[in-house]
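Chemist: one predicted model, sequence on top.
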2 protein chains.
Amino acid sequence: MAEAAKRKARLSPADRRALLEDAARACMARGGIREFTVDRIVAEAGVSRGLITHHFGSMDGLLVAVYARMYREWIEVIEAPRPGLSRLEAIIEALVSPELFSRDVLNVWLTLWGEIANNPVLREAHRSLYSDYRATIELALTEAAARHGRSIDAPRVAAAFICLIDGFGVQRCVEPSLLTEEDARAACRAFLGPLLD
Amino acid sequence: MAEAAKRKARLSPADRRALLEDAARACMARGGIREFTVDRIVAEAGVSRGLITHHFGSMDGLLVAVYARMYREWIEVIEAPRPGLSRLEAIIEALVSPELFSRDVLNVWLTLWGEIANNPVLREAHRSLYSDYRATIELALTEAAARHGRSIDAPRVAAAFICLIDGFGVQRCVEPSLLTEEDARAACRAFLGPLLD
DNA sequence: CAATCTATTGAACTACAGTATAGTAATTTC
DNA sequence: GAAATTACTATACTGTAGTTCAATAGATTG
């Protein structure tokens, strides 16, 4: 019935924001920044055009919210302990898990990187979050190095390792067939070599 | 004088195309895909709006031309022999040289990757060019492995190495301060370890 | 229960996107 | 040197972008 679409749901702001963030992310996963538009997102979410401005102030506000949510979920999976694995090994397994190593997730990241690089508002939001990510990787590296009695330049190794991870994202979006999850795991292990068991 | 701007230059199609490709690339370097618009590009090039359609048929046509030109110049630097260095070592040096390891160049790549991932027209153009790039890397790896008496799975190593390189691009655009050209060189050498002198 | 608050709608608005095309002028062709 | 060609300009056109805002209707308050 058509009148069903007319009913107003009136969610709590937190729920509505989450719903809009998910819709926006779905659009981005589907078609990159060109699908990140008011019309596409409200259609995906099944709400009216006015809601985005009401809850996020602007499209940049929504973009920042999507970034923050992606970041939070990424960190959550990365930091989840895995029985029998060291912190560093757990990170590698998280990276190649279906939760993170999917075309949808990585295409959102690729899109966000493009925006961070060129949109001052997102860039600003990025700075505050990104250092936590690096810190997590550095910690895992430092810990692994200590356990294997090696000394490393953790910040530099972390930066390079993050490059490798980001590169997986690019590759999966641009030419998915060339890099399986098994390839990615092998590349991580080759890169970190002596720090792993 | 204002009338100078009114004079019509009438270049050869090849020259005009090159000029428009450069202008488009400059816009992209400055602001990503959001600056890749008719108005910005013709302003940058100092020509009228109609010229893009006239020479490239559409914005997608220009996008493909920019990609092809970026690709050609990239390959040219990558493949240039460097006295005293093996093919593989020369590639590493090319990658960290100012010609390729600059924010402008890498931001154009980041933008193009985002488009390849989501724009079917560019994706199609990408497929035909990209395999040459991989082949170049694979050849250098195979050669280096042979010289050091090692056997490697060249396609897989090449794919992972390309990920690392792409990741440099992301990192340089998103958080430039964290990865110097020296860091990138060190990361490449660490990754390829036994294949280098 | 009345009053207030605010989540939501839907339309209006301005700006700018890419494309099409008619007209102009420089070059080439014969 | 006249005719044909085409690089180029300038403008018009249609679609869609993000934002603003008045009106509406659930929820909450007192």
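Modeler: Alright, I've got the coordinates.
Chemist: which ones are touching the residue of chain A found nearest DNA strand C?
Modeler: Nearest to DNA strand C, among the residues of chain A, is A:Gly50, at 2.3 Å (C-beta to the nearest atom of the strand). C-betas here are computed from N, CA, C, even on glycine. With contact set as C-beta atoms under 8 Å, 6 or more residues apart in numbering or on different chains, A:Gly50 has no partners.
Chemist: could you do A:Arg150 as well?
Modeler: Contacts of A:Arg150 by C-beta under 8 Å, 6+ apart are A:Pro194, A:Leu195.
Chemist: now do 10 Å
Modeler: Neighbouring residues of A:Arg150 by C-beta atoms under 10 Å, 6 or more residues apart in numbering or on different chains: A:Ala144, A:Pro194, A:Leu195.
Chemist: for the residue of chain A closest to DNA strand C, give its distance to A:Val42.
Modeler: 9 Å (C-beta to C-beta, to the nearest Å).
Chemist: A:Asp153 too?
Modeler: When A:Asp153 is compared with A:Val42 (using C-beta to C-beta), they lie 48 Å apart.
Chemist: who has more neighbours out of the two?
Modeler: Counting neighbours by other C-beta atoms under 10 Å in any protein chain shown for A:Asp153 and for A:Val42 shows that A:Val42 has the greater number, 19 against 13.
Chemist: so the more buried one touches A:His54, yeah?
Modeler: No - using C-beta atoms under 10 Å, A:Val42 is not in contact with A:His54, being 11.3 Å away.
Chemist: next, show the common contact partners of the two.
Modeler: Contacts common to A:Val42 and A:His54, judged by C-beta under 10 Å, 6+ apart, are A:Leu20, A:Ser48.
Chemist: burial measure for A:Arg87, as a count.
Modeler: Residues within reach of A:Arg87, counting by other C-beta under 10 Å, total 19.
Chemist: quick check: it touching A:Leu141?
Modeler: Yes - applying C-beta under 10 Å, one finds A:Arg87 in contact with A:Leu141, separated by 9.1 Å.
Chemist: what segments of chain A are helices?
Modeler: Taking DSSP state H as the test, the helices found in chain A are A:13-31, A:38-45, A:50-56, A:59-79, A:87-95, A:103-118, A:120-147, A:154-174, A:181-192.
Chemist: would CSV of these with distance to B:Val105 and mean pLDDT be doable?
Modeler: Output for these, formatted as CSV (distance: least, C-beta to C-beta, whole Å; pLDDT from 0 to 100):
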stretch, distance to B:Val105, mean pLDDT
helix A:13-31, 25, 97
helix A:38-45, 31, 98
helix A:50-56, 34, 97
helix A:59-79, 25, 97
helix A:87-95, 27, 97
helix A:103-118, 13, 98
helix A:120-147, 19, 94
helix A:154-174, 15, 97
helix A:181-192, 24, 96
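Chemist: now A:Ser151: closest residue in space that isn't a chain neighbour?
Modeler: A:Ala145 (6.4 Å; C-beta to C-beta, 6 or more residues apart in numbering or on different chains).
Chemist: contacting residues for the one you found?
Modeler: With C-beta under 10 Å, 6+ apart, A:Ala145 has these contacts: A:Leu88, A:Ser151, A:Ile152, A:Asp153, A:Ala154, A:Val157, A:Pro194, A:Leu195.
Chemist: ok, now with 7 Å
Modeler: Contact analysis of A:Ala145 by C-beta atoms under 7 Å, 6 or more residues apart in numbering or on different chains lists A:Ser151, A:Ile152, A:Leu195.
Chemist: again, but for A:Arg156
Modeler: Neighbours of A:Arg156 in contact, by C-beta under 7 Å, 6+ apart: B:Asp183.
Chemist: could you rerun that using 8 Å?
Modeler: B:Asp183, B:Ala186.
Chemist: name the nearest residue to the spatially most central residue of chain A, ignoring sequence neighbours.
Modeler: Nearest to the mean C-alpha position of chain A, by C-alpha atoms, centre = their mean, lies A:Met70 at 4.2 Å. Nearest residue to A:Met70, sequence neighbours excluded (C-beta to C-beta, 6+ apart): A:Val108, at 5.9 Å.
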